[in-house]
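Colleague: With the sequence up front, the predicted model follows.
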Amino acid sequence: MFCFHRKLRDPDSVTLTPAFIYGSILNSLASIFGEIGGQTSLEIVKFSADQKRSVLRVPREFLERVRIALALIGYYQEVPCHFQVLQASAKPLDFEEAEEALLVYN
């Protein structure tokens, strides 16, 4: 699993939803690795718009691709942003207990 944090230049001008975050990650994967190379199953396990944190479940074989795709997202809904992976673990993560955001893989 991965837990990650979103930093937005203008957070009030965007809509933070799991669906938009999911789409942003899939678009990044496809643009970097191509339609076939970027295909993977992702699951948003936890999401907090207030904390700007999410936890993703990612297959182990796609861990590095998803980490790269997250790091290279530069815009979210046309607003400059930065996605930062704060933790990765094979065990479930809970960002409510930690100050940092987490990303989980299986």
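Modeller: Nice, I can see it.
Colleague: remind me, longest helix of this structure?
Modeller: helix 18-37 (DSSP state H).
Colleague: which helices and strands sit right next to the helix or strand following it?
Modeller: Sequence-wise, the next helix or strand downstream of helix 18-37 (DSSP states H and E) is strand 43-48. Judged by 3 or more Cβ pairs under 8 Å, 6 or more residues apart in numbering; DSSP states H and E, the packing partners of strand 43-48 are helix 18-37, strand 53-58. In short, each C-beta sits where N, CA and C put it, glycine included.
Colleague: in strand 43-48, what's buried?
Modeller: Judged by neighbour count using 16 or more other Cβ atoms under 10 Å, the buried positions of strand 43-48 are Val45, Lys46, Phe47.
Colleague: same thing with stretch 19-28?
Modeller: Ile21, Tyr22, Ser24, Ile25, Ser28.
Colleague: Nearest to Arg60, out of these: which one, please.
Modeller: Of all those, Ile25 has the smallest distance to Arg60: 16.8 Å, by Cβ to Cβ.
Colleague: Now do the contacts for the closest one.
Modeller: Leu42, Leu56, Val66, Ala69, Leu70, Ile73 (Cβ atoms under 8 Å, 6 or more residues apart in numbering).
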